[in-house]
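Undergrad: need coordinates for the below:
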Amino acid sequence: TLVTVAEAAEGSTSPERDQPALQRLLGLCASLAEGTPAARAARRSALWAVAQRLRGIPLAWPAAVDVFVAALDAAAPAEAAAHLAEWHRLAPSPRQARLLEGAAVHLVRPEAAWSAAALRTLCDGLLADPQLRLVALALLAAFAAPEGWPADCRARLDALRHDADADVRAEARRVFVAAE
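TA: Numbering: from 1, shown residues only. Below is the predicted model of the structure:
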C-alpha cells in the first residue's frame with residue numbers, strides 16, 4: 001500500500017497534496033524500519049520488497065535507505081556488504097549515496113543486534129570496495145569509538161588516513177582527531 005500511494009503521486013504533482021503525503025510516507029517507513037531484531041527478521045522479506053520498490057522513486061530514496069538498512073541480516077555481514085555495494089551503485093546521485101553512510105551507522109545501535117564481530121566483518125567487506133570506504137569509515141567510527149578504539153579498529157582507521165581518495169583521507173583524519 002505504501003508503495004502504491006507513492007507511485008501514484010509520481011504521475012501528477014500538487015504541492016498542497018504531495019508534501020503532506022511525502023511526510024506521511026516517510027513516517028510510515030520510519031515506523032516500518034523500527035522494532036526489535038526479531039520483529040524485523042520476521043518481516044525481512046516485506047522490508048526488502050518495500051525498499052526495492054521505494055528505491056525507484058527519487059523522493060522516497062531516504063525512506064528506502066532506512067527500510068533497506070533495517071532489512072540487513074546481522075547473521076550475514078558479507079551479504080550485507082554486497083547489498084550495500086549494490087545500493088551505493090544504484091543511488092540516483094552521489095549526494096543520495098551518502099545517505100547510506102548515515103543509515104549504516106544505525107546498525108551499531110544495541111537494538112540492531114549486530115555483534116562487534118559482525119560489524120567488523122561488514123566493515124572489512126565495505127573497505128574492499130573503494131567506493132564504499134566512506135560508508136565503512138562511518139560504520140567504523142560509530143562502533144569503534146565507544147569500544148575505546150581497539151587495536152584492529154585503530155589499524156583500519158590508520159590505513160584510511162592514507163587512502164588514495166582525498167575525501168576518505170579527510171574524513172578519516174577528522175575521525176582520528178575526534179577520537180584523540
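Undergrad: okay, buried residues for the longest helix along the chain please.
TA: Ranked by residue count under DSSP state H, the longest helix found in the chain is helix 15-33. Within helix 15-33, the residues scored as buried using 16 or more other CB atoms under 10 Å are Ala21, Leu22, Leu25, Leu28, Cys29, Leu32, Ala33. All C-beta atoms are positioned from the backbone trio N, CA, C, and that covers glycine.
Undergrad: again, but for stretch 35-50
TA: If you call a residue buried by 16+ other CB under 10 Å, then stretch 35-50 has these buried ones: Arg40, Leu47, Trp48, Val50.
Undergrad: and what of stretch 137-151?
TA: Along stretch 137-151, the positions that meet the burial threshold by neighbour count (16+ other CB under 10 Å) are Leu137, Ala138, Leu139, Leu140, Ala141, Ala142, Phe143, Ala144, Trp149.
Undergrad: so the second one makes contact with Gly102?
TA: Yes. Checked against CB atoms under 8 Å, the pair Ala138 and Gly102 is within contact range at 7.0 Å.
Undergrad: check the burial of Asp158 by counting its neighbours.
TA: Using other CB atoms under 10 Å, the number of residues around Asp158 comes to 11.
Undergrad: and it, what helix or strand is that in?
TA: helix 151-160 (DSSP states H and E).
Undergrad: one more: Gln96?
TA: Per DSSP H and E: helix 94-97 holds Gln96.
Undergrad: are there helices or strands packed against the one helix or strand Leu137 maps to, and which ones?
TA: Of the helices and strands defined by DSSP H and E, Leu137 is found in helix 133-144. Contact partners of helix 133-144 among helices and strands, from 3 or more CB pairs under 8 Å, 6 or more residues apart in numbering; DSSP states H and E: helix 99-105, helix 116-127, helix 151-160, helix 166-179.
Undergrad: quick check: angle from it to helix 116-127?
TA: When axes from the mean of the first three to the mean of the last three CA atoms, to 10 degrees is applied, the directions of helix 133-144 and helix 116-127 differ by 160 degrees.
Undergrad: now helix 133-144: average pLDDT?
TA: Helix 133-144 comes out with an average pLDDT of 89.
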